[in-house]
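Participant: need a structure here:
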Amino acid sequence: MRLQNIPYMLGLYFLIDLGYNVFYTAFPLHAISTLNWSIAKMGVYFTVLSGLLIIVQSTVLPRVSRKYSDAALIIFGSLMLGTNFLLLIPGNIFLTYLAAGFFALGDGLMWPSFLSLLSKVVGRKYQGTIQGIASSFGGLASITGLILGGLLYEKLAGASFLIAGLVIYTVFLLNFRLRHFEEQIILRNR
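Facilitator: Numbers count the residues shown, from 1 in each chain. The predicted model follows:
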């Protein structure tokens, strides 16, 4: 925790996982109660979402990562991911599938880039240790987010996605500091 910039990045890791896990609990409830989807329709949606993630990570990410820095991809990805959550609020089928595209683009660009930058910030000596600690932060965020997602959906219905979106938009704003971290890495490696 004394390593430079690591507490900040672990805080971002926690918030990202928190936003995801609110979604993972609230979305199935939303699909059943608001969209009136069967389990099969929900399966189709998650299949489309997974297919889009595969496309983004296998074709888009390799191309844009050569042109843009990790921080730039993290910033853009978090903006797309936050927008995904807002598109889910109305409970419209078209917007829900459009949200899947935003989710895939946001997650597919942001998460691998975030993990890449985390490993660069910590340096080779502590990579394994920090990845393990980050996983623990992710586990804590998962527990918190899954419980919170259910409670929020019970009280707020589709507006629970607004909370998840606000968490990710907070991450978006906090991500601008990551550009400074990249500058430090460049200076360290000279």
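Participant: How far does stretch 91-108 sit from its chain's centre?
Facilitator: On the basis of C-alpha atoms, centre = their mean, to the nearest Å, stretch 91-108 is displaced by 13 Å from the centre of the chain it belongs to.
Participant: Check which element follows the host helix or strand of Ile133 along the chain.
Facilitator: Ile133 is part of helix 127-156 when elements are defined by DSSP states H and E. Counting by DSSP H and E, the next helix or strand C-terminal to helix 127-156 is helix 160-174.
Participant: Run through who's touching that following helix.
Facilitator: 8, 11-12, 15-16, 18-19, 22-23, 26, 30, 75, 78-79, 81-86, 88-89, 148-149, 152-153, 156 (C-beta atoms under 8 Å, 6 or more residues apart in numbering). Just so you know, the C-beta spots here come from the backbone N, C-alpha and C atoms, and that holds for glycine as well.
Participant: which residues in this protein form helices?
Facilitator: 6-33, 39-55, 61-67, 70-88, 93-122, 127-156, 160-174, 178-188 (DSSP state H).
Participant: among those helices, which is the most enclosed?
Facilitator: For the helices of the chain, the largest average neighbour count (mean count of other C-beta atoms under 10 Å) is found in helix 70-88, namely a mean of 23.
Participant: so where is this structure shaky, pLDDT-wise?
Facilitator: 1 (pLDDT under 70).
Participant: picking up where we left off before, specify the angle between the helix holding Ile133 and helix 93-122 in degrees.
Facilitator: Counting by axes from the mean of the first three to the mean of the last three C-alpha atoms, to 10 degrees, helix 127-156 lies at 150 degrees to helix 93-122.
Participant: Show me how far helix 127-156 is from its chain's centre.
Facilitator: With C-alpha atoms, centre = their mean, you get 12 Å for helix 127-156.
Participant: and that helix, what other elements does it pack with?
Facilitator: Counting contacts by 3 or more C-beta pairs under 8 Å, 6 or more residues apart in numbering; DSSP states H and E, helix 127-156 is packed against helix 6-33, helix 93-122, helix 160-174.
Participant: Could you provide those in CSV, with additional columns for distance to Ala40?
Facilitator: Shown next, in CSV, are the helices and strands packed on helix 127-156 (distance: least, C-beta to C-beta, whole Å):
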stretch, distance to Ala40
helix 6-33, 11
helix 93-122, 15
helix 160-174, 23
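Participant: Nearest to Ala141 among the ones you listed would be which one?
Facilitator: Ala141 sits nearest to helix 6-33 of all the helices and strands packed on helix 127-156, at 3.4 Å, using C-beta to C-beta.
Participant: ok and the closest one relative to helix 127-156, angle-wise?
Facilitator: 40 degrees.
Participant: Packing partners of helix 6-33?
Facilitator: So helix 6-33, by 3+ C-beta pairs under 8 Å, 6+ apart, packs with helix 39-55, helix 70-88, helix 93-122, helix 127-156, helix 160-174.
Participant: quick one, which of those helices is nearest to Arg188?
Facilitator: Short answer: helix 93-122, nearest of the helices and strands packed on helix 6-33 by C-beta to C-beta, at 9.5 Å.
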